[in-house]
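Peer 1: next input, structure requested:
(chains A and B)
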2 protein chains.
Amino acid sequence: MSRHDGAAVREVVDAALAAGRTALTAPEAKRIADAYGIPVPAEALAESVDEAVAFADRIGFPVVLKIVSPDIVHKTDAGGVRVGLASAAEVRGAFTAIVANARTYDTEARIQGVQVQQMVPAGTEVIVGAVTDPTFGKVVAFGLGGVLVEVLKDITFRLAPASEADALDMLDSIRAAEILRGVRGGAAVDRDALADVVVRVSELAADFPEIAEVDLNPVFASADGVMAADVRILLTTEVPLQRRRYSREEILTSMRRLMQPRSVTVIGASNEQGKIGNSVMRNLIDGGFPGDIHPVNPKADDILGLKAYKSVMDVPGEPDVAIFAIPAKFVASALEEVGRKGIPNAVLIPSGFAETGEHELQAEIVAIAERHGVRLLGPNIYGYYSTWQDLCATFCTPYDVRGGVALTSQSGGIGMAILGFARTTKTGVSAIVGLGNKSDLDEDDLLTWFGEDPNTECIAMHLEDLKDGRAFVDAARATVPKKPVVVLKAGRTSAGAKAAGSHTGALAGDDAVYEDILKQSGVIRAPGLNEMLEYARSLPVLPTPKGDNVVIITGAGGSGVLLSDAIVDNGLSLMEIPEDLDAAFKAFIPPFGAAGNPIDITGGEPPSTYEATIRLGLKDPRIHALVLGYWHTIVTPPMVFAELTARVVEEFRERGIEKPVVASLAGDVEVEEACQYLFERGVVAYPYTTEKPVAALGAKYRWARAAGLLGGGR
Amino acid sequence: MSRHDGAAVREVVDAALAAGRTALTAPEAKRIADAYGIPVPAEALAESVDEAVAFADRIGFPVVLKIVSPDIVHKTDAGGVRVGLASAAEVRGAFTAIVANARTYDTEARIQGVQVQQMVPAGTEVIVGAVTDPTFGKVVAFGLGGVLVEVLKDITFRLAPASEADALDMLDSIRAAEILRGVRGGAAVDRDALADVVVRVSELAADFPEIAEVDLNPVFASADGVMAADVRILLTTEVPLQRRRYSREEILTSMRRLMQPRSVTVIGASNEQGKIGNSVMRNLIDGGFPGDIHPVNPKADDILGLKAYKSVMDVPGEPDVAIFAIPAKFVASALEEVGRKGIPNAVLIPSGFAETGEHELQAEIVAIAERHGVRLLGPNIYGYYSTWQDLCATFCTPYDVRGGVALTSQSGGIGMAILGFARTTKTGVSAIVGLGNKSDLDEDDLLTWFGEDPNTECIAMHLEDLKDGRAFVDAARATVPKKPVVVLKAGRTSAGAKAAGSHTGALAGDDAVYEDILKQSGVIRAPGLNEMLEYARSLPVLPTPKGDNVVIITGAGGSGVLLSDAIVDNGLSLMEIPEDLDAAFKAFIPPFGAAGNPIDITGGEPPSTYEATIRLGLKDPRIHALVLGYWHTIVTPPMVFAELTARVVEEFRERGIEKPVVASLAGDVEVEEACQYLFERGVVAYPYTTEKPVAALGAKYRWARAAGLLGGGR
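Peer 2: Below is the predicted model of the structure:
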C-alpha cells in the first residue's frame, strides 16, 4: 500500500483536465502536496474574524492573512495581505483592515473571506522539482534557490522515482553543497527532511503520467525542517510513446544469434567490385568466417565462388543473420521474405531512410520486422564486426585483433575512426557495431548482450541520442557491476535549454539531464572521441584497484608535478605516505631525491632504482595504484625501463598481486616503442603526456566506484 | 598630480607601524578610504544629543548610532548600536538609550561619545580587495559577496594598479556576471561606479608597499551607486625582495650572443664516452655548429680532434657562451674565470645546487655572475638548442628540424618530452631551452629575445613557478602582439589556499591568481603537457583568422556533431550562414545532405564535393575559418582528400586568401599519413579525434584576440 493518497491526486488531476486546464491552481497544488506529504504551509479560509483567530490558533503563530476574492488579482496592491501576525489581537486587526482595504480598492468586489496561512520558517532557499525529459521521462531536480543559482545553473537531476539514497546524493552533487552543511557558523539543514521532500516529489511525478512538471520554488530548509513556500504543478495531455520492449531473454536469444551466428545470408551479394554487396562478401570470406555464407542475388549463380540463391526463401538451413546490401527501396519486400523465412536478425546497411527524410519508409520496415519478430540493426550503417567469430559483416576492411573491447557507434564516420584507432594501437576488440538510425536494436540491446558476452571486458559507445533513456539506464545498471561502460554522448552543447513552463524545466537543458542520469547509471562519460577510444583501449588492460591510495614514482620531478595535477583533475587521491613507508622508499633514492608523494627518484638513476621503488609500490598492501613518471636518460634507456617495469608487474601478477600501473614516458622517440611494449603487457603507458595515463586510471576508478567495488559509489 | 591624498595615507600607515600595529582600526581604514575616494559611509563622533542630530541632518537619514568607548568591545552586546534611525526624534531617543545602556553594561566604561553613521543603501553584495601575491605582488580582486560565492569561489584577479578597462573586464569575468547586469527584473548595478572602486583599491595597494591586504566586504552595489560597508586593511613590515633587473637592451645583447653565438667554449669537455662533457662536444660537432668550439680540459691536448685548453683563460678570441660540464663544486671557480674573461653567458648543465638543497652554493655562483655581469642559464639543465645556428649545446641528442617554435622547460624530463614529440611530429623548432633552477635567466629574458627573433613565430613554455611575475607579464605583453605565447603552468592544484588574514586573501589560491593574471598578460594557457606541445606545433602552421565566423564542412554527420561540441567548448562561434551562402553550399551537396552549419556533405561523396565546398568556404569573405570533418570512404580515400585540400588551400594562399583550416580525419590507418601530409602543408589535421583540431584553432583565436587582431581582446 502506498504511503500516499493517490486517489486525492487522481481526483484533482482528472477534474482539472476535464475542465480543460493544465495549470493547476494554488489550492489544487496544495491538495496534491498534502496527499503526497510534501510540506507546504497550513492554510484555511476564514469567513469571519473569529474563524480567522481560531484557524490561526490551530495553525500556530505567526500567520499570514490574504484576501480571497475572484475580483482582486493583485492582492498586495489592494492592501489585502498582512504577514507576520503573531497574536490573536494582530489577526483580529489585520482581518478587519484587509477586508476594509479590499472594499475601498474595489467596491464591487465579491469577497469570499480571508485566507489564514502558516508563515514559512526562514531557512536556506532551495528548489525541488520534477520535469518530463524527452529521453528519460520523469526526472526529479534539486538545486539551491535564489537568483545566484539561477544564474549559475547549479542544479542536479535523477530519474523519478528517486530513492532516499539518490536524494541524499543529490544534496551532495550540487557545486554549492557545502552551504547545506552549514557555513560561516550557520546550522546545517535537516538533510533527511530535505531528501524526503525530493523523494516525495519524484514519486508524485512518477505515479502520474499526466503531471508534466512540479516546481517547489522556493523551498526553505533549515535545521528544524523543510517547507515549500510555493507549489506549481503543470499537467499534460500528451501520452508518451510506448516503444515495443523485448524481455531480457528475448534480447539475449536474438543477440546471441546476431553476434555468434552459424549461418549468414547476404541479400544483394555481388561479384562487381566497388558494390557494397561485393565488399561485404569479400570481408566475410577474407575475415575467415567459419560458418555458412549464403549470397542472395537473382541474377547470379555464384558469388565469389559461393553458390548464390535467387531469393532468401531458397537459402538452405536456418540463417541467423540476413545482411542487406540492396537499395532502400527494395528493403521492405526482402525483409518480408526474411521474416517469413524466420531469420531473427536483419542487418540493414543501406541508407535512404529516416536520415534522408524517408521516415515513412523506415516506419514501414519497422512494422514488417515487428510483425515477424525480426530484430533490425540499422538502417544506414557500415555493418558490424564480431572478432571472436572472425565475422566482418561490413563494407569496410577486416579487423582481426581479438580482445576485450566492444565498441558501438551511431555514426559511420565515428565507426571508421574506431577502426583506424584500434588498428594503429593494436587494441584488442570483441566487436564493433554500427547502430545508424537505430530503428530497432539500440544501445540497451547491445549492453544486455555485451554484459553477458564472456569475450567482452569493456563496452564503449558513441551515441547522439537514446531512443529510450529508461531502457538504457536499466541495461547500464545491469551491466556496470560486471564491466565498465564508456559513453561518448555527442551533441552536448547544441540543444540549449528548451522552452519550459517552470524554473526547473528551464534549468533542465538536455545535457544537464544526460550528464546526471548517465552518472547515476554508472557509465563513464568520455569528454571526447579520443578519450572514448583511449579509455576503451586502457580499461581492459588495467586491473581493478582495491583502494584509493595512488602513489606517483617519478624520475622527472617536472613530470611528478604535472602528474599530481592530473591526479587532482581526475578525482584521484595522492596517498599520504606513512612514515615507515616513506623511510622504505628513501632507502632506495638519492639523499636529494624526495620521498613523500610524488616519490622523486631523480633523473640520473639506474634501472635498479626504478625497479626497487616499483617493487616496493607493488608489494606494500597500503598502496593501491601506481603512476610512473619515466625520464629518458642514457643510464636507463626507454626499453630498459619498459622491460623492467613489465617484468616486475608480471612477477607480482603471478604472485596474485594485481594493481593498476600507468606510466608517462618523457623522452626521445624511443619512448613510443616502450609505451607500446608496456601497453601490451598490462601497463597503460603514453609518451609526451602526463594527462592521458592518469585519465585512464581515473576512468578505471570511476568504474570501480560505480560498480560498488570501492565503496562510496559515484 | 595624483587624484588621491597620498600624504594622508602615509600618515596613517606610518603611525600604525610606529605603534607596532599591522591591523588598522576602523577609523584608520576609513581615513585611508576617504583619501583614495573609496566610498564608505559618512560618519562623525557626536558628544551630545544635539551634535548627533546635527550630524545626522548633514549626513542624511537614515543613520546608524554606535557607542564609542575603548572599554566596550562588543557594542551590540552592550545595547550600543541602533540602526535605521529615520528622523531627528529617533536619533535623540537612540542617543539617550545607547549611552544609558552602555553605562548599565559597564559602569566604569569611559564613553567618548556616539558615532553617527550613514546607512549603507541596499544593493547587490560584492567583494573588492587587494592582496600581495608572492609571484605577482599586488593584485586586486573582485567577486560577488555572500556565502554562496565564498563557497563557489567566484572571484577574479588583476595586477594592481588596474585600469578602468581592467576593472570593467573583471565585472564580466566572474561566472555570475549576469547578476550585475540585473536578472529577474532587478536593475543593473552602476558598473562605472563599481569599476571605479576596484581601480581605487588597486591604486591604493599599488601605491603603498606596506599595505599588504585591503578587504572591502561587503560592498553594496546598486543602480544608484556603490558603498563599502566595511573596510579592513592589513599592513606588512616585510620588504619585498628586489631582483636585479636588466634593461631590454642588456637582455637582447646577451641573449643574442647566447642564441646566435660565433664561438662557444665547453668547460669540462671530455674524450670519455658517457661523460656529459663528451656528449655536449659530440652534439656541438655532430649538430654542425659552424662557429668556433673550444674545449677546456686541464688534462687533455685535444678533445674529439679539437685543440683543448687548460683553462678558459687560455681560450682564444671572445667566446659568446661558456658551457659548463663539470661537477657543481668546481663551478664557482670556473665561473670566476669566465667572468674575468668577459664571456657574457654561462650555461650551467651541472646539478647539485638549489634543487638538492645547496642553496648557498647557488647563491655563491649568482653573486659571482652578478659581479662580472655574466648571465647564467641553469644550473641543473640539459642545455639548449638553437636550430637555425645548428647549435646543439646539450647532452641529449641533436635536433635539426628548423622551424618557428621556441620551446622552454623548467624541468629536464619535460625537455626530453619536447624533444621526442618534436621529432616524431616533425615539428619545426627555432630553439629548445632548459631553464632548470632559473638562478638568473628565466622566462621573461627568453620571451624578450624570442619576441624579437625573426625565426621564432610561437613560444611555448613549461613552468612551475615564476621568479618575478611582474617581469614575466611585462615581457609577455610586449611579445603577444607579435607572436603567440603558450604557457603550461605546472603545479596548478598542489598549493591550496594560503593562510591569509582576509576574505580576499583566503580566496586567492595560487592558481586562481595565476589563471587570471596569465590571461590578463595575453598568453595562452595550455591545460596539460600534450596540449602545450600540440599548440606549439599547430599555431605557427595556422594563419591568423580575420573574424569570428567558423564553418564546419563534414562528410561524416557524426563528426559534425562532435566538432560542434568542440567549437562551443573552445569558445568559438559557429557562423550563422546567410541564405545566399546556404543556397550556394546546397548546390554542391546531395538533397538529403544538410546545409546550415555544420555543412553535412554526406558520406558517400566524391572528391569534387569536398573540393567545391572547401573552395566556397575559402572564397566567401564572410567565412573566417574552416573546420573539416573527413570520412574515409572508397570514393574519396584519405590521401585524395589530403591532396585536394592542401592544393586548394595553397591555391587560395597564392591568391592572398589565408584562412585557418583544421581537419579531423575519421578512417582507417591511412588517415595518419594524410594528416601528416596536411600538417606539412598548412592544414592542422588529426586522426581519430574531433577535439584536437578545434582546440588548436581555439588557441589561435585566443591569441588573435589577446593580440588585438580580432577585437574584444581578452
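Peer 1: for the stretch 351-500 of chain A, what spans make up the helices?
Peer 2: Applying DSSP state H, counting those that start in this stretch to the stretch 351-500 of chain A gives helices spanning A:359-372, A:412-425, A:443-452, A:469-479.
Peer 1: and if you look at the stretch 151-300 of chain A?
Peer 2: A:164-173, A:177-180, A:191-207, A:248-259, A:276-286.
Peer 1: the second one and chain B, are they touching?
Peer 2: Yep, that's helix A:177-180 we're talking about. Yes - Helix A:177-180 reaches chain B (C-beta under 8 Å from any C-beta of the partner chain) through A:178-179. Where you see a C-beta, it was placed from the backbone N, CA and C, and this is true even at glycine.
Peer 1: next secondary structure after the strand or helix carrying residue A:322?
Peer 2: Here residue A:322, judged by DSSP states H and E, is contained in strand A:321-324. Towards the C-terminus, the helix or strand next in line after strand A:321-324, according to DSSP H and E, is helix A:331-341.
Peer 1: next, count neighbours for the closest residue to residue A:328 other than its chain neighbours.
Peer 2: Using C-beta to C-beta, 6 or more residues apart in numbering or on different chains and skipping the chain neighbours, the partner closest in space to residue A:328 is residue A:352 (3.2 Å). Look at residue A:352: counted by other C-beta atoms under 10 Å in any protein chain shown, it has 17 neighbours.
Peer 1: give me the beta-bridge partners of residue A:375?
Peer 2: On the basis of DSSP bridges, residue A:375 is bridged to residue A:345.
Peer 1: list the contacts of it.
Peer 2: Contact analysis of residue A:375 by C-beta atoms under 8 Å, 6 or more residues apart in numbering or on different chains lists A:246, A:254-255, A:258, A:344-346, A:369, A:440-441, A:445.
Peer 1: now what about the strand holding residue A:322, what contacts it?
Peer 2: A:257-258, A:261, A:263-268, A:280, A:312, A:331, A:334-335, A:338, A:341, A:343-350, A:378-379, A:383, A:393.
Peer 1: what bridges to residue A:130?
Peer 2: When bridges are called by DSSP bridges, residue A:130 pairs up with residue A:140, residue A:214.
Peer 1: my read is that it contacts residue A:202, right?
Peer 2: Yes - counting by C-beta atoms under 8 Å, residue A:130 touches residue A:202, with 6.2 Å between them.
Peer 1: common neighbours of the two, please.
Peer 2: A:138, A:140, A:160.
Peer 1: what secondary structure does the first one sit in?
Peer 2: In other words, residue A:138. strand (DSSP: H, G, I helix; E, B strand; the rest coil).
Peer 1: can you report phi and psi for the closest residue in space to it that isn't next to it in sequence?
Peer 2: Leaving aside its sequence neighbours, residue A:138 sits nearest to residue A:160 (C-beta to C-beta, 6+ apart; 4.0 Å). Main-chain dihedrals, residue A:160, degrees, to the nearest 10: phi -100, psi 140.
Peer 1: tally of neighbours for residue A:160?
Peer 2: 26.
Peer 1: list the residues that contact it.
Peer 2: A:130, A:137-140, A:201-203, A:205-206.
Peer 1: let's see if you can find the most crowded of the contacts of residue A:375.
Peer 2: residue A:346 (29 neighbours).
Peer 1: now do stretch A:644-658: everything it contacts.
Peer 2: For stretch A:644-658, contacts defined as C-beta under 8 Å, 6+ apart pick out A:543, A:607, A:610-611, A:614-615, A:618-619, A:628, A:659, A:661, A:663, A:677-678, A:681-683.
Peer 1: gap between the two ends of stretch A:43-54?
Peer 2: 12 Å (C-alpha to C-alpha, to the nearest Å).
Peer 1: can you check stretch A:450-464 too?
Peer 2: Note: stretch A:450-464 ends 20 Å apart using C-alpha to C-alpha.
Peer 1: contacting residues for residue A:56?
Peer 2: By C-beta under 8 Å, 6+ apart, the neighbours of residue A:56 are A:63, A:85, A:88, A:91, A:116.
Peer 1: need the pLDDT of it.
Peer 2: As predicted, residue A:56 sits at a pLDDT of 93.
Peer 1: what of residue A:78?
Peer 2: 86.
Peer 1: I'd say it and residue A:106 touch.
Peer 2: Yes - between residue A:78 and residue A:106 there is a contact at 7.0 Å, judged by C-beta under 8 Å.
Peer 1: show me the contact partners of stretch A:230-242.
Peer 2: A:13, A:16-17, A:21-24, A:26, A:28-30, A:32-33, A:38, A:40, A:132, A:137, A:209-218, A:501-502.
Peer 1: returning to that earlier point: and the helices of the stretch 351-500 of chain A: which comes nearest chain B?
Peer 2: When these are ranked by proximity to chain B, the top entry is helix A:412-425, at 2.3 Å, counting by C-beta to the nearest C-beta.
Peer 1: contacts for that closest one?
Peer 2: A:380-382, A:396-397, A:399, A:401, A:405, A:407, A:409, A:427, A:429, A:432, A:434, A:436, A:462, A:529, A:533, A:537, A:679, B:554-559, B:562, B:603, B:629, B:631-632, B:666-672, B:687-688.
Peer 1: for it, buried residues please.
Peer 2: A:412-423, A:425 (16 or more other C-beta atoms under 10 Å in any protein chain shown).
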